[in-house]
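# Quick one, what's the 3D model for this:
(one chain, ligands or ions: 1)
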Amino acid sequence: MNQFEPQYDAVVVGGGLTGLAAAITLAKAGLETLHLSPEVPPDRRTSALMMPSVQFLTDSGLIDTPEALGHALTQIRIIDATNRLLRAPETLFDAQQADIPAFGWNFANIKLTESFKNIAATLENITTSPCTLAALTLSDAFHTLTLSDGTTLCANLIIGADGKKSFVRGAAGFSTREHAFSQSALVCDLALGRPLNGASVEFHYSNGPFTLVPAGANRANLVWIDQDSTLRQALSGGTEALTARLMEKSQRLFGSLEILSSSFIFPLSTLTVNKAGGNGIALIGEAAHAFPPIGAQGLNLGLRDVADLAQIAGSINKSDPNWASRASTDYAQLRHADLVQTGSVVDALFRSLLLEMLPAQALRSGGLWALKLLPALRKQAFAIGMGRR
Ligand SMILES: Cc1cc2nc3c(=O)[nH]c(=O)nc-3n(C[C@H](O)[C@H](O)[C@H](O)COP(=O)(O)OP(=O)(O)OC[C@H]3O[C@@H](n4cnc5c(N)ncnc54)[C@H](O)[C@@H]3O)c2cc1C
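As a prediction, the model looks like this:
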């Protein structure tokens, strides 16, 4: 092959969950795909995925059944643990009220990664490389990539799935809006004296929510959002002191509490792009959008990126010399409304949880009262929260 002809139809840059899902999807649509998936430490996070995301995973063969890998989320319990003047009522949302068996499923990212990798290994038109992308030169016809081992190759379509600090996004000149928060998230696995029985329990404190997500039997995954300094201080005292702190934050509602894993701290920020594609480049997952883990939207939105990419890949006509440019522009158009809507909802929700201003407290507490009392509004909130379009 002439070195100036594209060796691959598509290159997916990034081996996180969205990159893996995209590489599989593009290969299944018949594109010769190179997947750049450098070795990284295991992703110890868990992901609450709403039913439309779970449906996409099963329909596209990325997982067999949710039961085999995850734990059903059947209730969401919100407890206002602030000492603000205007506090919200304790609110319980039950999936039965929305006429569905569960809001979604909670998965360990490690298990999802394993399932996706097993599928990728069965597809002949995916080549997986442990290299990172070191340089990207754009041209109208196709793009030239230099990998970390010095290899140079050409491809028509580049998928940036390389996370918040995306190299692809920067090299292709997509503009971003970013905001770093002083809060971080601490995550770890717990065993509780009393099981959560499918209920995700959110304690809303004024520095951020403290959420226990069911992980089967008496286990729970903790996502504690607070000032970064508070979390680091809690971690520095050792396991016993941290256990006592977590008992206090969970208001001793679950009897005993044991920490089962190491704890990890993730700094929080938001990132949005003005458009998610064009000129033969498409951005997916955190390369296109990042939010604090509130209302479990991050990977849910990333999987919707992949679902839209799959739709476009299914109608690619490779005899059109501009197919990659057209596909990336169509992708950006298809994603626009969802990215804008989800970004603004999550941002407003996060800020409303943290604001000390009385009008904001009134709005939030009034909003929760309304959700508690008005079935029609509750159904609409379920639909938005679950990413129904
Ligand atoms: C504490 C926490 C809890 C969360 N909980 C939930 C939840 O319950 N539900 C939910 O929907 N979302 C949740 N999220 C969000 C979710 O985890 C992320 O949206 C998702 O994991 C992002 O996946 P990604 O593939 O886009 O990016 P990443 O997982 O960041 O993967 C990017 C990959 O690109 C690779 N890379 C970077 N640069 C290069 C390069 N130059 N060349 C090649 N590869 C490169 C990196 O090595 C990395 O492996 C949570 C996030 C946090 C922080």
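
# Validate this expectation: residue 209 resides in a strand.
Yes - under DSSP: H, G, I helix; E, B strand; the rest coil, residue 209 falls within a strand.

# ok, it - contacts?
Contact analysis of residue 209 by CB atoms under 8 Å, 6 or more residues apart in numbering lists 202-203, 223, 225, 294, 353. Every residue, glycine included, has its C-beta placed from N, CA and C.

# try residue 254
192-194, 196, 212, 220.

# and it, helix, strand or coil?
Residue 254 - assigned by three-state DSSP - is coil.

# Burial check on the closest residue to it other than its chain neighbours, number of neighbours?
Spatially, and ignoring its direct neighbours in sequence, residue 254 is nearest to residue 192 (4.0 Å; CB to CB, 6 or more residues apart in numbering). For residue 192, the count of nearby residues is 21 (other CB atoms under 10 Å).

# Let me see the backbone angles for residue 192.
Residue 192 adopts backbone torsions of phi -110, psi 150, taken as degrees, to the nearest 10.

# Could you do the one 3 residues further on as well?
Listed backbone geometry of residue 195 is phi -70, psi 160, with angles given as degrees, to the nearest 10.

# Tell me, how many residues neighbour the closest residue to the ligand within the stretch 151-300 of the chain?
Nearest residue of the stretch 151-300 of the chain to the ligand, counting by CB to the nearest ligand atom: residue 285, 2.2 Å away. Residue 285 is flanked by 28 other residues according to other CB under 10 Å.

# Spit out the contact partners of it.
So residue 285 contacts 14, 16-19, 161, 163, 299, 302, 305 (CB under 8 Å, 6+ apart).

# Leaving out the residues flanking it, which one is nearest to it?
Nearest to residue 285 is residue 18, by CB to CB, 6+ apart, at 3.1 Å.

# what does the helix or strand the one you found falls within contact?
Element membership for residue 18 (DSSP states H and E) is helix 17-28. Helix 17-28 has contacts (CB under 8 Å, 6+ apart) with 9-10, 12-13, 33, 35, 37, 43, 47, 60-62, 109, 112-113, 116-117, 119-120, 123, 125-126, 128, 157, 159, 161-162, 284-286, 299, 302-303, 305-306, 309-310, 313.

# Run a quick check on residue 329 versus residue 277, I expect a contact.
Yes - Residue 329 lies in contact with residue 277 (CB atoms under 8 Å); the separation is 6.5 Å.

# just the strands in the stretch 151-300 of the chain please.
152-160, 176-192, 199-205, 208-214, 219-227, 257-259, 264-273, 277-278, 281-283, 289-290 (DSSP state E, counting those that start in this stretch).

# Of the ones you listed, flag the one that's most buried.
Of all the strands of the stretch 151-300 of the chain, strand 281-283 has the most neighbours on average by mean count of other CB atoms under 10 Å, namely a mean of 30.

# Which strands border that strand, and is each parallel or antiparallel?
The pairing partners recorded for strand 281-283 under DSSP bridges are strand 152-160 (parallel), strand 277-278 (antiparallel).

# Could you export the ones you listed as a markdown table, including mean pLDDT and distance to the ligand?
What follows is these, written out as a markdown table (pLDDT from 0 to 100; distance: least, CB to the nearest ligand atom, whole Å):
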| stretch | mean pLDDT | distance to the ligand |
| --- | --- | --- |
| strand 152-160 | 97 | 9 |
| strand 277-278 | 96 | 15 |
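
# Generate a markdown table for those, with distance to residue 323 as supplementary columns.
Output for the strands paired with strand 281-283, formatted as a markdown table (distance: least, CB to CB, whole Å):
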| stretch | distance to residue 323 |
| --- | --- |
| strand 152-160 | 7 |
| strand 277-278 | 13 |
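
# Nearest to residue 54, out of those?
strand 152-160 (22.7 Å; CB to CB).

# how far out from the middle of the chain is that closest one?
24 Å (CA atoms, centre = their mean, to the nearest Å).

# what is the orientation angle of it with helix 17-28?
120 degrees (axes from the mean of the first three to the mean of the last three CA atoms, to 10 degrees).

# Just the C-alphas of strand 152-160, formatted as PDB.
Below are the C-alpha coordinates for strand 152-160, written out as PDB (Å, rounded to 0.1, in the frame of the first residue of the first chain):
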ATOM      1  CA  THR A 152       3.400   7.100  11.200                       C
ATOM      2  CA  LEU A 153       0.000   6.100   9.600                       C
ATOM      3  CA  CYS A 154      -3.000   7.600   7.900                       C
ATOM      4  CA  ALA A 155      -6.700   7.300   8.500                       C
ATOM      5  CA  ASN A 156      -9.900   8.900   7.400                       C
ATOM      6  CA  LEU A 157     -11.900   9.200  10.700                       C
ATOM      7  CA  ILE A 158     -10.400   9.900  14.100                       C
ATOM      8  CA  ILE A 159     -12.400   9.400  17.300                       C
ATOM      9  CA  GLY A 160     -11.100  11.300  20.300                       C
END
